[in-house]
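In: here are the coordinates; sequence isn't available:
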């Protein structure tokens, strides 16, 4: 009889614990591989497998800092991947980052001194791209 009571209690405890465990979130590198590498290339040089099929060659993401006087353009990068630039940047084709936008919001300073609520996965992706700089 006691063993029969222990099993439901153990199951209830397991369910309660599993509700507390957060689902693993992809890293910035994993999101880059999923959303960016097909055009920008695995190393971010703009040489992905789909790059030749595009009207405009994808940017070489490894030289963003170099092309911006030695400073990584965090605000412009975030605006681009979040979609704020619309078609004002020459009509560049970018994928839908929907799942990344659905991640929890975290404070992010894009270089303007303002901590803005930003989807965590976009922050991780931007930080990953910043790490690709030559």
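Out: Great, that's in hand. Given the structure is predicted, the values throughout are model-derived calculations rather than measurements.
In: Low-confidence stretches in this protein?
Out: In the predicted model, the chain carries pLDDT under 70 at residues 1-22, 84-92.
In: That one: helices as residue ranges?
Out: Using DSSP state H, the helices found in the chain span residues 2-20, 28-35, 37-40, 64-67, 74-82, 98-101, 120-131.
In: Now do the same contact list for the nearest residue to residue 107 once chain neighbours are set aside.
Out: In space, and not counting its chain neighbours, residue 107 is closest to residue 115: 3.9 Å by CB to CB, 6 or more residues apart in numbering. Yep, even glycine has a C-beta here, placed from its N, CA and C like the rest. The contact partners of residue 115, by CB atoms under 8 Å, 6 or more residues apart in numbering, come to 107, 108, 109.
In: buried ones in stretch 71-85?
Out: 72, 73, 74, 75, 76, 77, 78, 80, 81 (16 or more other CB atoms under 10 Å).
In: Test my guess that the fourth one contacts residue 112.
Out: Spelled out, it's residue 75. Yes. Shown here, residue 75 and residue 112 form a contact pair, counting by CB atoms under 8 Å, at 5.8 Å.
In: which residues are in contact with both of the two?
Out: With CB under 8 Å, 6+ apart as the test, residue 75 and residue 112 reach no residue in common.
In: who's in contact with the residue lying closest to residue 77 once chain neighbours are set aside?
Out: Spatial nearest neighbour of residue 77, chain neighbours left out: residue 126 (5.2 Å); criterion: CB to CB, 6+ apart. With contact taken as CB under 8 Å, 6+ apart, residue 126 is in contact with 28, 74, 77, 78, 81, 108.
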